[in-house]
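A.B. asks: got a predicted structure here, sequence first:
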Amino acid sequence: MAVIIKHMFLYDPKPMKRTFEYDLRYVQGGLEEMEHYLLSDEVFWPLDARPPKGEPEYPQLTLGALLLAKERLAAYSASPHEEADGLKAVSELERISSKWRVAWEKKAGHSFSMRLRMWSDFIHDYQTSPQENADRYAYEVRLRAMLGLLLPEGKKPQAEVDLLSTLDTYLRAVLVSGNFIWESELQNGFPVDTYWYLYGSLPMENKRNRGIPSYY
């Protein structure tokens, strides 16, 4: 499968490299929309931000993607000027999350449900057709990273927490351990003990094609 468009994200089996500036502009653009976004019923929100030249277009604003961009900012080996800009953006994000805590946690709950559905869909796609979907892993695994960041942001339904645990058990069984799959300069910010799913790939042949519960 060469190209998949889902929820305004473009899948490319060879994703483009992203830089500190790319993630910073996403966070900064998100900050400008946060109050309207948090008080809306939407999980996906238009983002008016322009990426650095040569880097991919931004996805829509979501809380999960914002939290992931925040983690990526902390992982880069940045210049003093970049670090100052990053700290300023992160500080403002934390201020907003505190000020609008009830709305923040509500949005995190909706975002978690949406990302869990998308992640479950991918795992089921892989179970059904491993040869067609294994190479999607390096892109789709961002969903699992977002789920980990959204999970502590307020209480989640136990059924959803249990499903994520079941999906993790399956993934651990089939994942082929390997090198860090994102930009190498981010590795120190995503340690293997916590982000184990970023260190490996899915085999083209799935010998553990047993059923797992669906989100639905």
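C.D. replies: Perfect, thanks for sending it. Residues are numbered from 1 along each chain as shown.
A.B. asks: so which elements touch the longest strand belonging to the chain?
C.D. replies: In the chain, taking DSSP state E as the definition, the longest strand is strand 176-180. Counting by 3 or more Cβ pairs under 8 Å, 6 or more residues apart in numbering; DSSP states H and E, the packing neighbours recorded for strand 176-180 are strand 199-201. The C-beta positions use only the backbone N, C-alpha and C, and glycine is treated the same way.
A.B. asks: for the nearest residue to Leu47 once chain neighbours are set aside, give me phi and psi.
C.D. replies: Setting aside the residues directly before and after it, Leu47 is nearest to Leu61 in space (Cβ to Cβ, 6 or more residues apart in numbering), at 4.3 Å. For Leu61, the backbone dihedrals are phi -70, psi 130 (criterion: degrees, to the nearest 10).
A.B. asks: Leu61 and Glu32, how far apart?
C.D. replies: 10 Å (Cβ to Cβ, to the nearest Å).
A.B. asks: buried ones in stretch 26-35?
C.D. replies: By neighbour count on 16 or more other Cβ atoms under 10 Å, the buried set for stretch 26-35 is 26-31, 33-34.
A.B. asks: columns distance to Val174 on top of those, output as JSON lines?
C.D. replies: Compiled in JSON lines, these are given as follows (distance: Cβ to Cβ, whole Å):
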{"residue": "Tyr26", "distance to Val174": "31"}
{"residue": "Val27", "distance to Val174": "33"}
{"residue": "Gln28", "distance to Val174": "38"}
{"residue": "Gly29", "distance to Val174": "36"}
{"residue": "Gly30", "distance to Val174": "34"}
{"residue": "Leu31", "distance to Val174": "38"}
{"residue": "Glu33", "distance to Val174": "38"}
{"residue": "Met34", "distance to Val174": "37"}
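A.B. asks: of the residues you listed, which is the nearest to Ser129?
C.D. replies: Tyr26 (31.9 Å; Cβ to Cβ).
A.B. asks: Leu163 reaches Ile123, doesn't it?
C.D. replies: No: using Cβ atoms under 8 Å, Leu163 is not in contact with Ile123; the gap is 10.2 Å.
A.B. asks: least trustworthy helix or strand in this protein by mean pLDDT?
C.D. replies: Lowest mean confidence among the helices and strands of the chain (mean pLDDT, DSSP states H and E): strand 4-6, at a mean of 37.
A.B. asks: and stretch 91-105, average pLDDT?
C.D. replies: Regarding stretch 91-105, the rounded mean pLDDT is 97.
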